[in-house]
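Colleague: How does the following fold in three dimensions:
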Amino acid sequence: MKNYDSIIVGGGIAGLQAAIQLGRYEYKVLVIDAGYGRSTLCRSYHNVLGWPDGVSGEELRRVGRLQAERLGVHFVQDEVVQAVSKGKPGDGFEVWGKSGKGYDATTLLLATGLLDRMPELPGLKSCLGLTVYVCPDCDGYEVINRRTVVMGSGDAGAYMALTLSRRTQDITYVNHEQRAVKSELLAELQKKGIIYVPEDVQEVIAEENGSIRGIWLVSGRQIEAERGFIAFGGNEVKSDLARQLGAERLENRHIVTDPRSKMTSVPFVWAAGDVGVHAEQVTIAMGEGTQAAIWMNKALLMKEEKNTYKVMVRS
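Modeller: Numbering: from 1, shown residues only. Okay, the predicted model is just below:
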């Protein structure tokens, strides 16, 4: 089992940014990537510096990996399912993938992200990030004065519709699954003029270029729309490795980290990106990846200095 200075679990935006930074420190770095994640579904980020016309998550991942590989960073496609500490803090960690392969490193960064819960609706994924969105902070701008349908479930969908109501006055909230909505939220929807439809979605009507034209309901009714948002709640926060290592998590399973260093409650284990506690923004994920890598470097330097001191004393 080859020993690395750092293993990054997750090859999304946070993981790649950390890999680039650690590669520039000339460490032996391994990125273990399952090959899919939230960023692979987004067809176009419009709020990233330097990309006014948008850039896809796949493109960011592609160029990010190339940049990291130029710095000597290694990549393997695998899904890590187990992580264990090798002993006392500083002794390192072993992680194991679904492939059965084991990987060994002194420091560990969890950049495993989260996955949005959404039903398998025909036409939906072809529109994601182009005309159907998940994050009002990222893409609320895109629905300004446009006919918008919120496909959601229960309170989560109601909150999304209300959040978007300052951007457009033409919103329909379709409560797929017909989960209960608080009475005060229903009253607020009515007050804002938001049409409420408690019915399942059958299909998203999508053009070949990823434009949404509307949705079909199971009743056969069509709702026209120029833009869409999804808000089903219950997103999967991929923090089970943190649990295995004993790192502190919130009730919603997001990993708690030190605000300055992004280190978890377990020494030599860091977390960055959507798996942590933050606003779930691609640009924030980039910053956290760099932030974590800087402090991983500090930890590795301190460990090297201590080992050097021990050798000097013994000799």
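Colleague: Show me what the residue lying closest to residue 78 once chain neighbours are set aside is bridged to.
Modeller: In space, residue 78 comes closest to residue 97 once its chain neighbours are excluded; the distance is 3.5 Å by C-beta to C-beta, 6 or more residues apart in numbering. Heads up, the C-betas are built off the backbone N, CA and C, glycines and all. Beta-bridge pairing for residue 97 (DSSP bridges): residue 80.
Colleague: And residue 228, by the same measure?
Modeller: Assessed by DSSP bridges, residue 228 has beta-bridge partners residue 132, residue 149.
Colleague: mind listing what it touches?
Modeller: Counting by C-beta atoms under 8 Å, 6 or more residues apart in numbering, residue 228 makes contact with 127, 131-133, 148-151, 204, 212, 215.
Colleague: Helices of this protein, start to end?
Modeller: For the chain, the helices defined by DSSP state H occupy 13-24, 38-41, 57-70, 136-139, 154-164, 183-191, 240-245, 282-314.
Colleague: Of these, flag the one that's most buried.
Modeller: helix 13-24 (a mean of 27; mean count of other C-beta atoms under 10 Å).
Colleague: Contacts made by that helix with the rest, please.
Modeller: Residues contacting helix 13-24 (C-beta under 8 Å, 6+ apart): 5-6, 8-9, 11, 29, 31, 33, 39, 57, 60-61, 64-65, 67-68, 71-73, 109, 111, 113, 272-274, 282, 285-290, 292-294, 296-297.
Colleague: please redo it, this time with the cut-off set to 6 Å
Modeller: Residues outside helix 13-24 that contact it (C-beta atoms under 6 Å, 6 or more residues apart in numbering) are 6, 8, 29, 31, 39, 64, 67-68, 71-73, 109, 111, 272-273, 282, 285-286, 288-290, 292-293.
Colleague: sorry, back to before: residue 264: which of the helices of the chain is closest?
Modeller: For residue 264, the closest of those is helix 240-245, at 6.4 Å, according to C-beta to C-beta.
Colleague: quick revisit: so which of the contacts of residue 228 comes closest to residue 266?
Modeller: Using C-beta to C-beta, the contacts of residue 228 come closest to residue 266 at residue 133, 34.7 Å.
Colleague: Next one: the closest one from residue 189, what distance?
Modeller: 19 Å (C-beta to C-beta, to the nearest Å).
Colleague: Poorly predicted segments of the stretch 1-150 of the chain, please.
Modeller: 1 (pLDDT under 70).
Colleague: same thing but 90
Modeller: Scanning the stretch 1-150 of the chain for pLDDT under 90 picks out the ranges 1-3, 36-44, 87-90, 129.
Colleague: Would you map out the domains in this structure?
Modeller: 3-116+235-314, 132-231 (automatic domain parsing).
Colleague: Between those domains, which one is closest to residue 122.
Modeller: Of those, nearest to residue 122 by C-beta to C-beta is domain 132-231, at 4.6 Å.
Colleague: roughly how far is that closest one from the heart of the chain?
Modeller: Computed by C-alpha atoms, centre = their mean, to the nearest Å, the chain-centroid distance of domain 132-231 equals 22 Å.
Colleague: start to end distance for it?
Modeller: Start and end residues of domain 132-231 are separated by 11 Å (C-alpha to C-alpha, to the nearest Å).
Colleague: And for stretch 182-197?
Modeller: 15 Å.
Colleague: Tell me the confidence at the residue nearest to residue 185 when sequence neighbours are not counted?
Modeller: Among residues not flanking residue 185 along the chain, residue 158 sits closest, at 4.3 Å (C-beta to C-beta, 6+ apart). What the model reports as pLDDT for residue 158 is 98.
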